[in-house]
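K.L.:
Have a look at this prediction, sequence included:
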Amino acid sequence: MDTLIAWILRAIPFGTIIMYGAMGEIITEKSGNLNLGVPGIMYLGGFAGFASAYLYENTVQNPNMVFCVALALVCAFLASMGGGLIYSFLTISLRANQNVTGLALTTFGMGVANFFGVYILDGRTATQSMVYKTFQTKLPVLSGWGVLGQTVFGYGFMVYAAIVLAILLHVFLNRTRTGLNLRAIGENPATADAAGISVTRYKYLATCLGAGISGLGGIYYVLDYNQGIWATTGQIEALGWLAVALVIFTTWKPLNAIWGSYLFGLLYWLYQFMPTLLGFSVPGYITDLIQMVPYVVTIVVLVVTSLRKKREDQPPASLGLAYFREER
(Lines give C-alpha, C1' and ligand atoms only; values in the text may rest on other atoms or scores of the structure.)
Protein backbone atom coordinates (compact mmCIF):
# COMPACT_ATOMS: atom_id res chain seq x y z
CA MET A 1 0.00 0.00 0.00
CA ASP A 2 2.82 2.38 0.91
CA THR A 3 4.51 1.66 -2.42
CA LEU A 4 1.31 2.42 -4.33
CA ILE A 5 0.85 5.72 -2.47
CA ALA A 6 4.46 6.70 -3.13
CA TRP A 7 3.98 5.85 -6.82
CA ILE A 8 0.91 8.08 -7.07
CA LEU A 9 2.62 10.92 -5.17
CA ARG A 10 5.47 10.79 -7.66
CA ALA A 11 3.29 10.43 -10.77
CA ILE A 12 0.79 13.27 -10.25
CA PRO A 13 3.30 16.16 -9.92
CA PHE A 14 5.27 14.68 -12.82
CA GLY A 15 2.11 14.46 -14.90
CA THR A 16 1.17 18.05 -14.05
CA ILE A 17 4.35 19.35 -15.69
CA ILE A 18 3.59 17.69 -19.00
CA MET A 19 -0.12 18.56 -18.69
CA TYR A 20 0.71 22.27 -18.88
CA GLY A 21 2.98 21.67 -21.85
CA ALA A 22 0.36 19.56 -23.62
CA MET A 23 -2.50 22.00 -23.03
CA GLY A 24 -0.47 24.84 -24.48
CA GLU A 25 0.43 22.76 -27.52
CA ILE A 26 -3.20 21.68 -28.01
CA ILE A 27 -4.26 25.32 -28.29
CA THR A 28 -1.40 26.00 -30.69
CA GLU A 29 -2.14 23.00 -32.90
CA LYS A 30 -5.85 23.76 -33.00
CA SER A 31 -4.86 26.86 -34.99
CA GLY A 32 -2.91 24.72 -37.46
CA ASN A 33 0.57 25.53 -36.09
CA LEU A 34 2.82 22.63 -35.14
CA ASN A 35 5.19 24.03 -32.53
CA LEU A 36 7.94 21.54 -31.70
CA GLY A 37 9.61 24.20 -29.58
CA VAL A 38 7.66 23.19 -26.45
CA PRO A 39 10.80 21.97 -24.57
CA GLY A 40 12.57 25.28 -25.23
CA ILE A 41 9.49 27.27 -24.26
CA MET A 42 9.21 25.35 -20.99
CA TYR A 43 12.87 26.14 -20.35
CA LEU A 44 12.19 29.85 -20.92
CA GLY A 45 9.20 29.77 -18.58
CA GLY A 46 11.10 27.91 -15.89
CA PHE A 47 14.08 30.24 -16.05
CA ALA A 48 12.05 33.48 -16.14
CA GLY A 49 9.90 32.45 -13.18
CA PHE A 50 12.90 31.20 -11.23
CA ALA A 51 15.05 34.26 -11.97
CA SER A 52 12.31 36.75 -11.10
CA ALA A 53 11.58 35.04 -7.78
CA TYR A 54 15.28 34.71 -7.01
CA LEU A 55 16.13 38.34 -7.75
CA TYR A 56 13.09 39.69 -5.93
CA GLU A 57 13.70 37.70 -2.75
CA ASN A 58 17.39 38.48 -2.67
CA THR A 59 17.04 42.23 -3.26
CA VAL A 60 14.01 43.06 -1.09
CA GLN A 61 14.49 43.11 2.66
CA ASN A 62 11.05 41.73 3.54
CA PRO A 63 9.71 39.99 0.43
CA ASN A 64 6.00 39.31 0.14
CA MET A 65 5.47 35.65 -0.73
CA VAL A 66 2.13 36.18 -2.47
CA PHE A 67 3.61 38.88 -4.68
CA CYS A 68 6.67 36.72 -5.32
CA VAL A 69 4.55 33.79 -6.50
CA ALA A 70 2.47 36.07 -8.73
CA LEU A 71 5.64 37.68 -10.12
CA ALA A 72 7.15 34.28 -10.93
CA LEU A 73 3.99 33.11 -12.72
CA VAL A 74 3.59 36.32 -14.73
CA CYS A 75 7.25 36.39 -15.78
CA ALA A 76 7.16 32.71 -16.75
CA PHE A 77 4.02 33.28 -18.82
CA LEU A 78 5.36 36.40 -20.56
CA ALA A 79 8.76 34.90 -21.33
CA SER A 80 7.13 31.82 -22.82
CA MET A 81 4.79 34.00 -24.85
CA GLY A 82 7.90 35.74 -26.14
CA GLY A 83 9.13 32.40 -27.43
CA GLY A 84 5.73 31.80 -29.01
CA LEU A 85 5.90 35.24 -30.62
CA ILE A 86 9.27 34.42 -32.22
CA TYR A 87 7.84 31.20 -33.58
CA SER A 88 4.71 32.98 -34.84
CA PHE A 89 6.66 35.68 -36.64
CA LEU A 90 8.86 33.15 -38.40
CA THR A 91 6.15 30.68 -39.38
CA ILE A 92 3.10 32.91 -39.89
CA SER A 93 4.56 36.17 -41.19
CA LEU A 94 7.68 34.79 -42.89
CA ARG A 95 6.15 31.36 -43.61
CA ALA A 96 9.24 29.46 -42.46
CA ASN A 97 9.10 25.70 -42.09
CA GLN A 98 7.26 24.94 -38.86
CA ASN A 99 9.21 21.78 -37.98
CA VAL A 100 12.61 23.41 -38.40
CA THR A 101 11.52 26.56 -36.56
CA GLY A 102 10.17 24.58 -33.63
CA LEU A 103 13.34 22.54 -33.27
CA ALA A 104 15.44 25.71 -33.49
CA LEU A 105 13.28 27.29 -30.79
CA THR A 106 13.94 24.31 -28.53
CA THR A 107 17.70 24.75 -28.91
CA PHE A 108 17.39 28.53 -28.48
CA GLY A 109 15.26 28.29 -25.34
CA MET A 110 17.53 25.74 -23.70
CA GLY A 111 20.65 27.73 -24.52
CA VAL A 112 19.31 31.06 -23.29
CA ALA A 113 17.85 29.60 -20.09
CA ASN A 114 20.93 27.59 -19.16
CA PHE A 115 23.37 30.40 -19.96
CA PHE A 116 21.59 33.07 -17.94
CA GLY A 117 20.57 30.57 -15.26
CA VAL A 118 24.20 29.72 -14.52
CA TYR A 119 25.16 33.41 -14.76
CA ILE A 120 22.54 34.52 -12.23
CA LEU A 121 23.24 31.67 -9.82
CA ASP A 122 27.02 32.24 -9.89
CA GLY A 123 27.79 28.86 -8.32
CA ARG A 124 24.73 28.64 -6.07
CA THR A 125 22.36 25.71 -6.62
CA ALA A 126 19.05 26.92 -5.23
CA THR A 127 17.04 29.96 -4.30
CA GLN A 128 17.98 31.14 -0.84
CA SER A 129 14.34 31.75 -0.09
CA MET A 130 11.03 30.11 0.75
CA VAL A 131 9.14 30.70 -2.49
CA TYR A 132 9.26 27.05 -3.48
CA LYS A 133 7.63 26.15 -0.16
CA THR A 134 4.78 28.49 -1.07
CA PHE A 135 4.38 26.64 -4.36
CA GLN A 136 4.41 23.33 -2.48
CA THR A 137 1.88 24.36 0.18
CA LYS A 138 -0.81 21.68 0.39
CA LEU A 139 -4.53 22.28 0.73
CA PRO A 140 -5.26 23.00 4.40
CA VAL A 141 -7.38 20.47 6.32
CA LEU A 142 -8.10 18.33 3.22
CA SER A 143 -4.49 17.16 2.89
CA GLY A 144 -4.73 15.65 6.38
CA TRP A 145 -7.47 13.15 5.50
CA GLY A 146 -5.30 10.05 5.66
CA VAL A 147 -4.59 8.22 2.40
CA LEU A 148 -7.22 10.23 0.51
CA GLY A 149 -5.69 13.48 1.70
CA GLN A 150 -2.21 12.36 0.68
CA THR A 151 -3.04 11.12 -2.80
CA VAL A 152 -5.75 13.62 -3.81
CA PHE A 153 -5.18 16.81 -1.82
CA GLY A 154 -1.50 16.60 -0.94
CA TYR A 155 -0.10 18.82 -3.71
CA GLY A 156 0.63 22.47 -4.45
CA PHE A 157 -1.93 24.81 -5.97
CA MET A 158 -0.63 24.47 -9.53
CA VAL A 159 -1.76 20.83 -9.70
CA TYR A 160 -5.38 21.87 -9.21
CA ALA A 161 -4.97 24.94 -11.39
CA ALA A 162 -3.94 22.65 -14.26
CA ILE A 163 -7.14 20.62 -13.91
CA VAL A 164 -9.30 23.77 -13.85
CA LEU A 165 -7.44 25.12 -16.87
CA ALA A 166 -8.04 21.91 -18.83
CA ILE A 167 -11.78 22.17 -18.16
CA LEU A 168 -11.84 25.84 -19.18
CA LEU A 169 -9.98 25.06 -22.40
CA HIS A 170 -12.49 22.31 -23.20
CA VAL A 171 -15.36 24.75 -22.75
CA PHE A 172 -13.53 27.41 -24.77
CA LEU A 173 -12.84 25.14 -27.74
CA ASN A 174 -16.27 23.53 -27.84
CA ARG A 175 -18.74 26.06 -26.46
CA THR A 176 -17.53 29.52 -27.48
CA ARG A 177 -17.59 31.30 -30.81
CA THR A 178 -13.93 32.23 -30.56
CA GLY A 179 -12.95 28.63 -29.88
CA LEU A 180 -14.99 27.34 -32.80
CA ASN A 181 -13.41 29.98 -35.07
CA LEU A 182 -9.99 28.81 -33.93
CA ARG A 183 -10.84 25.20 -34.75
CA ALA A 184 -12.17 26.26 -38.14
CA ILE A 185 -8.85 27.91 -38.94
CA GLY A 186 -7.00 24.74 -37.99
CA GLU A 187 -9.21 22.66 -40.27
CA ASN A 188 -9.49 24.95 -43.30
CA PRO A 189 -7.94 28.43 -43.04
CA ALA A 190 -9.04 29.41 -46.56
CA THR A 191 -12.70 28.78 -45.76
CA ALA A 192 -12.37 30.58 -42.41
CA ASP A 193 -10.70 33.52 -44.16
CA ALA A 194 -13.51 33.68 -46.72
CA ALA A 195 -15.99 33.77 -43.83
CA GLY A 196 -14.33 36.90 -42.46
CA ILE A 197 -12.22 35.31 -39.71
CA SER A 198 -8.75 36.84 -39.34
CA VAL A 199 -6.49 33.83 -39.80
CA THR A 200 -3.26 35.66 -38.98
CA ARG A 201 -4.60 37.20 -35.77
CA TYR A 202 -6.05 33.92 -34.50
CA LYS A 203 -2.86 32.02 -35.28
CA TYR A 204 -0.71 34.61 -33.50
CA LEU A 205 -2.94 34.72 -30.42
CA ALA A 206 -3.35 30.94 -30.19
CA THR A 207 0.37 30.26 -30.60
CA CYS A 208 1.45 32.90 -28.08
CA LEU A 209 -1.22 31.90 -25.56
CA GLY A 210 -0.34 28.24 -26.01
CA ALA A 211 3.32 28.99 -25.46
CA GLY A 212 2.48 30.92 -22.28
CA ILE A 213 0.51 27.95 -20.90
CA SER A 214 3.33 25.54 -21.78
CA GLY A 215 5.78 27.78 -19.94
CA LEU A 216 3.80 27.33 -16.73
CA GLY A 217 4.94 23.72 -16.81
CA GLY A 218 8.52 24.94 -16.66
CA ILE A 219 7.95 27.15 -13.64
CA TYR A 220 6.07 24.34 -11.90
CA TYR A 221 9.01 22.02 -12.49
CA VAL A 222 11.58 24.42 -11.04
CA LEU A 223 9.71 25.97 -8.11
CA ASP A 224 7.61 22.99 -7.00
CA TYR A 225 8.64 19.65 -8.44
CA ASN A 226 12.38 20.41 -8.20
CA GLN A 227 12.06 22.38 -4.92
CA GLY A 228 13.41 25.68 -6.19
CA ILE A 229 16.59 24.26 -7.68
CA TRP A 230 17.61 25.38 -11.16
CA ALA A 231 18.74 22.27 -13.05
CA THR A 232 20.71 22.20 -16.29
CA THR A 233 20.52 18.42 -16.70
CA GLY A 234 18.10 18.46 -19.63
CA GLN A 235 15.19 17.06 -17.63
CA ILE A 236 12.88 19.88 -18.77
CA GLU A 237 13.67 19.01 -22.38
CA ALA A 238 12.64 15.38 -21.82
CA LEU A 239 9.40 16.52 -20.20
CA GLY A 240 8.75 18.87 -23.11
CA TRP A 241 8.93 16.00 -25.59
CA LEU A 242 6.64 13.96 -23.37
CA ALA A 243 4.18 16.87 -23.49
CA VAL A 244 4.27 16.80 -27.30
CA ALA A 245 3.64 13.05 -27.21
CA LEU A 246 0.76 13.59 -24.78
CA VAL A 247 -0.96 15.89 -27.30
CA ILE A 248 -1.18 12.98 -29.73
CA PHE A 249 -2.19 10.57 -26.97
CA THR A 250 -5.09 12.82 -25.92
CA THR A 251 -6.25 13.18 -29.55
CA TRP A 252 -6.10 16.97 -29.19
CA LYS A 253 -8.70 17.10 -26.39
CA PRO A 254 -7.89 19.12 -23.21
CA LEU A 255 -10.02 16.92 -20.93
CA ASN A 256 -8.08 13.84 -21.99
CA ALA A 257 -4.91 15.65 -20.94
CA ILE A 258 -5.98 15.34 -17.29
CA TRP A 259 -6.05 11.56 -17.02
CA GLY A 260 -3.53 11.11 -19.83
CA SER A 261 -0.85 13.12 -18.05
CA TYR A 262 -1.29 11.16 -14.82
CA LEU A 263 -1.16 7.90 -16.78
CA PHE A 264 2.08 9.06 -18.38
CA GLY A 265 3.41 9.84 -14.92
CA LEU A 266 2.52 6.38 -13.63
CA LEU A 267 4.05 4.70 -16.67
CA TYR A 268 7.20 6.82 -16.51
CA TRP A 269 7.90 5.96 -12.87
CA LEU A 270 6.89 2.32 -13.24
CA TYR A 271 10.53 1.27 -13.51
CA GLN A 272 11.28 2.59 -10.03
CA PHE A 273 8.37 0.91 -8.26
CA MET A 274 8.09 -2.30 -10.29
CA PRO A 275 10.73 -4.24 -8.28
CA THR A 276 8.83 -3.59 -5.03
CA LEU A 277 5.44 -4.35 -6.60
CA LEU A 278 6.68 -7.58 -8.18
CA GLY A 279 8.84 -8.61 -5.25
CA PHE A 280 12.07 -9.15 -7.22
CA SER A 281 14.76 -7.02 -8.80
CA VAL A 282 14.67 -6.01 -12.45
CA PRO A 283 17.80 -5.80 -14.66
CA GLY A 284 18.96 -2.34 -15.69
CA TYR A 285 18.22 -2.83 -19.38
CA ILE A 286 14.63 -3.75 -18.51
CA THR A 287 14.14 -0.49 -16.60
CA ASP A 288 15.40 1.43 -19.64
CA LEU A 289 12.81 -0.33 -21.78
CA ILE A 290 10.08 0.43 -19.23
CA GLN A 291 10.83 4.15 -19.48
CA MET A 292 9.95 3.92 -23.17
CA VAL A 293 6.39 2.84 -22.37
CA PRO A 294 4.75 6.33 -22.58
CA TYR A 295 6.13 6.80 -26.07
CA VAL A 296 5.14 3.28 -27.14
CA VAL A 297 1.61 3.87 -25.87
CA THR A 298 1.48 7.12 -27.85
CA ILE A 299 2.49 5.29 -31.03
CA VAL A 300 -0.18 2.64 -30.41
CA VAL A 301 -2.85 5.33 -29.91
CA LEU A 302 -1.71 7.10 -33.09
CA VAL A 303 -1.95 3.87 -35.09
CA VAL A 304 -5.37 2.96 -33.67
CA THR A 305 -6.87 6.40 -34.29
CA SER A 306 -5.45 6.43 -37.81
CA LEU A 307 -7.02 3.05 -38.58
CA ARG A 308 -10.39 4.02 -37.10
CA LYS A 309 -10.38 7.28 -39.08
CA LYS A 310 -12.84 9.00 -36.75
CA ARG A 311 -12.69 12.67 -37.67
CA GLU A 312 -12.92 13.91 -34.08
CA ASP A 313 -9.79 11.92 -33.17
CA GLN A 314 -7.65 13.23 -36.03
CA PRO A 315 -5.30 16.24 -35.91
CA PRO A 316 -6.42 19.54 -37.48
CA ALA A 317 -6.41 19.12 -41.26
CA SER A 318 -4.04 22.05 -41.88
CA LEU A 319 -1.65 21.20 -39.06
CA GLY A 320 1.91 22.14 -39.96
CA LEU A 321 0.94 23.84 -43.22
CA ALA A 322 1.60 27.52 -43.89
CA TYR A 323 -1.39 29.51 -45.12
CA PHE A 324 -0.95 31.48 -48.33
CA ARG A 325 -3.91 33.78 -48.78
CA GLU A 326 -2.94 34.40 -52.40
CA GLU A 327 -3.57 30.72 -53.16
CA ARG A 328 -7.06 30.69 -51.64
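P.N.:
Looks like it came in fine.

K.L.:
phi, psi of Gln136?
P.N.:
phi -90, psi 0 (degrees, to the nearest 10).

K.L.:
How many residues are close by it?
P.N.:
Neighbourhood size, Gln136 [other Cβ atoms under 10 Å]: 18. Using the backbone N, CA and C atoms, a C-beta is placed for each residue, glycine as well.

K.L.:
cool, Arg175 as well?
P.N.:
Count around Arg175 with other Cβ under 10 Å applied: 9.

K.L.:
Surely Thr107 touches Pro39?
P.N.:
No: with contacts counted by Cβ atoms under 8 Å, Thr107 stays clear of Pro39, the gap being 9.2 Å.

K.L.:
Among the two, which residue is more densely surrounded?
P.N.:
Pro39 (28 against 13).

K.L.:
Show the average pLDDT along the helix or strand harbouring the more buried one.
P.N.:
Take DSSP states H and E as the rule and Pro39 turns out to sit in helix 38-59. Per-residue pLDDT over helix 38-59 has a mean of 91.

K.L.:
do stretch 19-33 as well
P.N.:
Stretch 19-33 comes out at a mean pLDDT of 96.

K.L.:
again, but for stretch 290-307
P.N.:
79.

K.L.:
Let the chain start at 16 from now.
P.N.:
That works, and once the first residue is 16, the last one we named lands at stretch 305-322.

K.L.:
so how far is it from its chain's centroid?
P.N.:
On the basis of Cα atoms, centre = their mean, to the nearest Å, stretch 305-322 sits 19 Å off its chain's mean C-alpha point.

K.L.:
Return the set of buried residues in it.
P.N.:
305, 309-310, 312-313, 316-317, 320 (16 or more other Cβ atoms under 10 Å).

K.L.:
Restricted to strands, list those.
P.N.:
For those, not one is inside strands, with DSSP state E as the criterion.

K.L.:
Turn these into CSV, including distance to Phe187.
P.N.:
What follows is the buried residues of stretch 305-322, written out as CSV (distance: Cβ to Cβ, whole Å):
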residue, distance to Phe187
Ile305, 36
Pro309, 27
Tyr310, 29
Val312, 27
Thr313, 25
Val316, 24
Leu317, 25
Thr320, 23
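
K.L.:
dump the residue contacts of Pro269.
P.N.:
38, 41, 181-182, 184-185, 188 (Cβ atoms under 8 Å, 6 or more residues apart in numbering).

K.L.:
okay if I get the residues you listed as CSV plus distance to Tyr175, neighbour count and secondary structure?
P.N.:
Output for the contacts of Pro269, formatted as CSV (distance: Cβ to Cβ, whole Å; neighbours: other Cβ atoms under 10 Å; DSSP: H, G, I helix; E, B strand; the rest coil):
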residue, distance to Tyr175, neighbour count, secondary structure
Met38, 14, 29, helix
Ile41, 19, 27, helix
Ala181, 11, 23, helix
Ile182, 11, 12, helix
Leu184, 15, 22, helix
His185, 16, 19, helix
Leu188, 21, 20, helix
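
K.L.:
Can you pick out the most distant pair from the residues you listed?
P.N.:
Ile41 and Ile182 (13.2 Å; Cβ to Cβ).

K.L.:
Where does pLDDT dip in the stretch 216-343 of the chain?
P.N.:
247-248, 290, 292-300, 341-343 (pLDDT under 70).

K.L.:
Kindly recompute the last result at 80.
P.N.:
Along the stretch 216-343 of the chain, segments meeting pLDDT under 80 span 245-249, 286-306, 316-317, 319-328, 339-343.

K.L.:
just so I have it, where are all the helices in it?
P.N.:
250-264, 269-283, 285-293, 299-305, 308-323 (DSSP state H, counting those that start in this stretch).
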